[in-house]
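Peer 1: below are the sequence and a predicted model; questions follow.
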Amino acid sequence: MVLALLWFLVNFSYAQTQPPKLVCAVPQSNGDVVLTWQPQSFNCGPVYIYASTNRNGPYTLLATVPLNPPTYIHVGANASSQIWYYYITDDPSCNGPPALSSDTLDSQQPQPPIIRSVSVESNDSVLIRWYSSSEPDAYAYVIYVYDSVAGNFLPLDTVPHPVDSYWHTASHPLRPVEASQHPETYTIALMDSCGTIGPLQDSTHTTIFLKTTIDRCKEQAIMVWTHYGGYNPNDYTASWTLNKQPNSQNVQTDTTFSISLEREGDTLCTRVNATVPPDIVSSNQICQITEFVKSPDIFKIMVATVELDSAVKLIWYVDSTADLARMVIRRQEYKNNSPLPIANIPWTKQSTFTYIDSLTDPTIAPVYYIIEAEDSCGRRYITDNHAQTVHLKVKSSQAFVNFLQWTKYQQWTGNTRMQYVFRSIDNGDWQVIYTLDSSAMSLTDEIRTRNSESGLFCYRICAEEENNPFMSNLQACSPPICDYQKTVIYVPNAFNPETGSLFRPIMRYHQWTQYEFRIYNRYGQIVFRTTNPAEGWDGTYRGNQVPSGTYTYQIIATHQNGTEYAKSGFFVVVYPKE
């Protein structure tokens, strides 16, 4: 009994005549409407066309026309100002039970669907969602994106009805997604079964575009984003992960948010979410490594050494990975109460810097240096140590010795290994004459056996460092300090011309710029005169030997160091055979 009933219902359903498929109702520019249908294989005609100006009816029979050709023109429909609704059916008595009617179509253009949301998802692809059209002739959806270069909306793709979402990706052949570069704006249009594309949806939707910058000075991440376009979310949620640890903060309607960062080298990913009912939409995601303005881990003066020309050579070492802007050298001299700036050094990414200070006089007193650095945030740093030049004093003595006294070099990175004493005689070559331990601060130099014409003895003290992890073989030297040994003049008190020798002064440490040697007899006559220190008197006057007796000598001279000498005395000319 049940099986028989099911058989009857199924066969009755199949026996109902399917009407021709009403495909199009296209308004013309003159207001007429062209109807097109698609006959089914079992339709026998004629076709009954019903029309109404109200979707809910009542419908009246507009025309009865043959099944073919499958078209009809509703003349005088005035479709430009009046919407018509149509359905068709065929002869209900030609083939089986009563015929069904077609779908109802209207004469207006396809109406644009309503966009639901646009959201930037993984790989910065954009997911576009919309509400499916309820129009019976809805056939497909055309997706558009705004292109700022072209200045208009460009079609991306056509998807069949009733699909209600679309992915715009970076691999799109015509217009790859650019949601990581700027906000993307989308709209949509409906295509009906006639292939007619309706107007674009005026209510466009625009993605949230996020920019996240790291303030390296404040050690913060600053999130700034654009509002979602097409809907006003009640609030935004700033979301971020630090080393894959998720965090979020509701920021209501603000479009900025700051994240305090703890350390460098973390992986920070940021994104903004908003509720666009019924969806949660997202901005583009930004991932970056946290980086701060780096202070110098090492900032030390290596040495301040005085060159032979008395200029100070300053060498310092800086952490080359630091983010500095400039460095300032400060110098304190004996006449200053505090270090004064003397030079601005621009920052370059290197470890070792050198500066020559030729505008100071380290021979008077030790010179003190510190160095300041300023980073790109305006923060200042001072070297871990200061530098002070070695100061040397030299004092000569008539006992053919020179006394040396000096200050120790201060603020090595390592420590003093040894000290070298250099000496130069009469501006000759410098030679190491003593090697001393680090505790020595004075020295007596015996020079009796050292040949010198001028008596000029110059000295330098150089301290050598050891255990410096950054640089090796550094020496901190004093300026060259010189002193003249006083000129020694010895004049014999007797002279025998018969020996064939010459009578002249015996002198040490003399280098005259002016010189005159005279000899007078007892009557005050000049019997000998010379301006050449190498010349002497042979005991004659006008070609004849002078008689024995007492004579007077006189020496008048000026040393190259400016010292004036005047010496006189008596001596006796003797002939032993007399």
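Peer 2: Cool, the structure landed.
Peer 1: neighbours of residue 156, how many?
Peer 2: 20 (other Cβ atoms under 10 Å). Just so you know, the C-beta spots here come from the backbone N, C-alpha and C atoms, and that holds for glycine as well.
Peer 1: so residue 163 sits against residue 141, correct?
Peer 2: Yes. Using Cβ atoms under 8 Å, residue 163 is in contact with residue 141, at 7.1 Å.
Peer 1: which of the two has more neighbours?
Peer 2: residue 141 (27 against 11).
Peer 1: low pLDDT regions in the protein?
Peer 2: Within the chain, the ranges that satisfy pLDDT under 70 run 1-17, 92-100, 102, 105, 107, 335-336, 578.
Peer 1: and the helices in it?
Peer 2: 2-15 (DSSP state H).
Peer 1: now the strands: where do they sit in the stretch 251-400 of the chain?
Peer 2: 256-260, 267-276, 279-282, 286-289, 299-306, 312-318, 324-332, 340-346, 352-357, 368-375, 380-382, 387-388, 392-397 (DSSP state E, counting those that start in this stretch).
Peer 1: quick check: can you name the pairing partners of the second one and their directions?
Peer 2: Pointing back at strand 267-276 there. Note on strand 267-276: by DSSP bridges, its sheet partners are strand 236-242 (antiparallel), strand 279-282 (antiparallel), strand 286-289 (antiparallel).
Peer 1: what's next to the last one, contact-wise?
Peer 2: Okay, so that is strand 286-289. If you take Cβ atoms under 8 Å, 6 or more residues apart in numbering as the criterion, strand 286-289 is touched by 180, 210-212, 214, 265-271.
Peer 1: buried only: go through the residues you listed for me.
Peer 2: 180, 210, 212, 214, 266, 268-271 (16 or more other Cβ atoms under 10 Å).
Peer 1: of these, closest to residue 480?
Peer 2: residue 214 (53.8 Å; Cβ to Cβ).
Peer 1: surely the closest one touches residue 223?
Peer 2: No. The criterion here is Cβ under 8 Å, and residue 214 misses it with residue 223 at 10.6 Å.
Peer 1: name the residues contacting each of these two.
Peer 2: With Cβ under 8 Å, 6+ apart, residue 214 and residue 223 have no common neighbours.
Peer 1: residue 521 and residue 369: what is the separation?
Peer 2: To residue 369, residue 521 is 66 Å away according to Cβ to Cβ, to the nearest Å.
Peer 1: thinking again about what came up before, and the buried ones among the contacts of strand 286-289 as TSV, adding distance to residue 36?
Peer 2: Formatted as TSV, these follow (distance: Cβ to Cβ, whole Å):
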residue	distance to residue 36
180	46
210	49
212	55
214	62
266	65
268	60
269	55
270	54
271	50
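Peer 1: tell me the one of the residues you listed nearest residue 564?
Peer 2: Nearest to residue 564 among the buried ones among the contacts of strand 286-289, with distances taken as Cβ to Cβ, is residue 214, at 76.0 Å.
Peer 1: ok, what's across the strand from the nearest residue to the closest one once chain neighbours are set aside?
Peer 2: Spatial nearest neighbour of residue 214, excluding adjacent residues (Cβ to Cβ, 6 or more residues apart in numbering): residue 221 at 5.3 Å. Residue 221 has these beta-bridge partners by DSSP bridges: residue 214, residue 259.
Peer 1: domain assignment for this protein?
Peer 2: 17-106, 115-206, 210-289, 299-388, 392-484, 488-573 (automatic domain parsing).
Peer 1: and the strands of the stretch 251-400 of the chain as TSV, adding distance to residue 488?
Peer 2: Shown next, in TSV, are the strands of the stretch 251-400 of the chain (distance: least, Cβ to Cβ, whole Å):
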stretch	distance to residue 488
strand 256-260	81
strand 267-276	83
strand 279-282	98
strand 286-289	78
strand 299-306	32
strand 312-318	36
strand 324-332	42
strand 340-346	45
strand 352-357	40
strand 368-375	40
strand 380-382	53
strand 387-388	38
strand 392-397	12
